[in-house]
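Enquirer: coordinates only, no sequence provided:
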């Protein structure tokens, strides 16, 4: 009996290996979009001559198909399981950029154990994920951002909120899908939001931003190889700022932003990518008020919109980005022309019919369970006109 329990059916080869971390079970904040990223990452790893090892525990995804990776570990994406696999396989490195926030959260443990993270370093990821450190970086780069402060207690949070001015956005660091983010308008609401946040996420640093009300929101997805910068897509959200990007209808390319605003967004994106020494993917979200561009946040990984852009333009961006992370190629090795006959709209998919008791009001905490893509030939399309009319009504309130 004991010999059976101690046996190991996984035989490690002498090949050079790369482990890809998946996003685990589908849930609000991350799902099938990151499976697309992982699948194309695995194919790129094989093309570069490495043994591709997948770690994920979702039977509904393609990344866990028996013939997708050279080896699959169908295990929960937790540190204890990952460390056992690393000890056995001794990989060249781990890719955390393709599995959403779940994979990214393990970067600190990997860094502490001296395990190579393929692509962007842990410290650069930490700057982008730590709201306070990221805002400090933006200040150094002279890039506009909402006024902010950090706190660890409700009393400190109230003091910061009064300093930056209401309304404010209360949010923690390293969270998935805007978890526990709240827009609040007075001291009582700040206190309530902070107490609730610390109850569910103890010891988390709390960031309090001034909330830019009634402004447009847009985002940029890009790839940086250490020298060259490529914008995969600029998307303009239909809904105003304050609605989580995962719950917004996003239009590719941007349809109502001035050329100056778009150029400014791209300029800020490249400046941030260079400062963070990104190697691979980055997603940056912006708020635009009175034609002034503010940076809200940066995600040093594949975003849920990366597959959307890749499908809309018909360019294998995840394959390209993975080869950049591995150091196998530079951006100049690829031909990438972002052409689209008309526009593509990312539509959020909600499952409120299956959860009738859930509050359907949208806000900074994500509630959609997926996304779809809709192509339109021009802005006279009835579907788009209906969406844009609703946006105009929201902005005028």
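Expert: Noted; the coordinates are in hand. Keep in mind it's a predicted model, so treat the numbers as computed, not measured.

Enquirer: got phi/psi on residue 184?
Expert: phi -130, psi 160 (degrees, to the nearest 10).

Enquirer: that one is in contact with residue 164, isn't it?
Expert: No: assessed by Cβ atoms under 8 Å, residue 184 is found out of contact with residue 164, at 11.9 Å. For glycine as for every other residue, the C-beta is placed from the backbone atoms N, C-alpha and C.

Enquirer: who has more neighbours out of those two?
Expert: Counted by other Cβ atoms under 10 Å, residue 184 and residue 164 do not tie: residue 184 has more neighbours, with 21 against 16.

Enquirer: list the contacts for that one?
Expert: Contact partners of residue 184, counting by Cβ atoms under 8 Å, 6 or more residues apart in numbering, are 161, 166, 167, 168, 169, 170, 190, 192, 193.

Enquirer: just give the nearest non-adjacent residue to residue 222, would you?
Expert: Nearest residue to residue 222, sequence neighbours excluded (Cβ to Cβ, 6 or more residues apart in numbering): residue 231, at 5.0 Å.

Enquirer: residue 303 is in contact with residue 283, isn't it?
Expert: Yes: if you go by Cβ under 8 Å, residue 303 and residue 283 touch, sitting 3.6 Å apart.

Enquirer: residues of the helix or strand harbouring residue 40 that come out buried?
Expert: In this assignment (DSSP states H and E), residue 40 forms part of helix 32-47. By 16 or more other Cβ atoms under 10 Å, the buried positions in helix 32-47 come out as 32-45.

Enquirer: for it, name the packing helices and strands.
Expert: Using 3 or more Cβ pairs under 8 Å, 6 or more residues apart in numbering; DSSP states H and E as the contact test, the elements touching helix 32-47 are strand 17-21, strand 51-56, helix 306-313, helix 317-326, strand 370-376.

Enquirer: okay, now the domains of this structure?
Expert: Recorded structural domains for the chain (assignment: automatic domain parsing) are 12-118, 147-210, 216-396.

Enquirer: quick one: low-confidence parts of this protein?
Expert: 1-6, 29-31, 173-180, 391-397 (pLDDT under 70).

Enquirer: go with 80
Expert: Residues of the chain meeting the criterion pLDDT under 80: 1-7, 26-32, 131-132, 172-181, 200-205, 213-214, 242, 355-356, 363-365, 389-397.

Enquirer: okay, the domains of the chain in a markdown table with distance to residue 139 next?
Expert: Putting these into a markdown table (distance: least, Cβ to Cβ, whole Å) gives the following:
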| stretch | distance to residue 139 |
| --- | --- |
| domain 12-118 | 24 |
| domain 147-210 | 10 |
| domain 216-396 | 11 |
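
Enquirer: ok, which of these comes nearest residue 130?
Expert: Counting by Cβ to Cβ, residue 130 lies closest to domain 147-210 out of these; the figure is 5.2 Å.

Enquirer: centre of the chain to that closest one, how far?
Expert: With Cα atoms, centre = their mean, to the nearest Å as the basis, domain 147-210 stands 21 Å off its chain's centre.

Enquirer: and the end-to-end length of that domain?
Expert: With Cα to Cα, to the nearest Å as the measure, domain 147-210 spans 5 Å from end to end.

Enquirer: nearest residue to the middle of the chain?
Expert: For the chain, the residue nearest the mean C-alpha position is residue 303 (3.7 Å; Cα atoms, centre = their mean).

Enquirer: so it lies in a strand, does it not?
Expert: No: applying DSSP: H, G, I helix; E, B strand; the rest coil, one finds residue 303 to be coil, outside a strand.

Enquirer: circling back: what about the residue nearest to residue 222, which helix or strand?
Expert: For residue 231, the host element (DSSP H and E) is strand 229-237.

Enquirer: my guess is residue 39 contacts residue 62. True?
Expert: Yes: with contact defined as Cβ under 8 Å, residue 39 counts as touching residue 62 (5.1 Å).

Enquirer: what do the two both touch?
Expert: residue 68.

Enquirer: other residues contacting stretch 381-388?
Expert: Contacts of stretch 381-388 (Cβ under 8 Å, 6+ apart): 238, 249, 251, 343, 345, 374, 376, 379.

Enquirer: show me where the stretch 101-250 of the chain has its strands.
Expert: Under the criterion DSSP state E, counting those that start in this stretch, strands of the stretch 101-250 of the chain are mapped to 148-151, 168-172, 182-184, 206-210, 216-224, 229-237, 250-252.

Enquirer: turn these into TSV, columns for distance to residue 125.
Expert: Shown next, in TSV, are the strands of the stretch 101-250 of the chain (distance: least, Cβ to Cβ, whole Å):
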stretch	distance to residue 125
strand 148-151	19
strand 168-172	16
strand 182-184	25
strand 206-210	17
strand 216-224	14
strand 229-237	18
strand 250-252	24
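
Enquirer: so which of these comes closest to residue 16?
Expert: For those, the distance to residue 16 is smallest for strand 216-224, at 23.6 Å, taking Cβ to Cβ.

Enquirer: now do the residue nearest to residue 222: how many residues are near it, please.
Expert: Residues lying near residue 231 (other Cβ under 10 Å) number 17.
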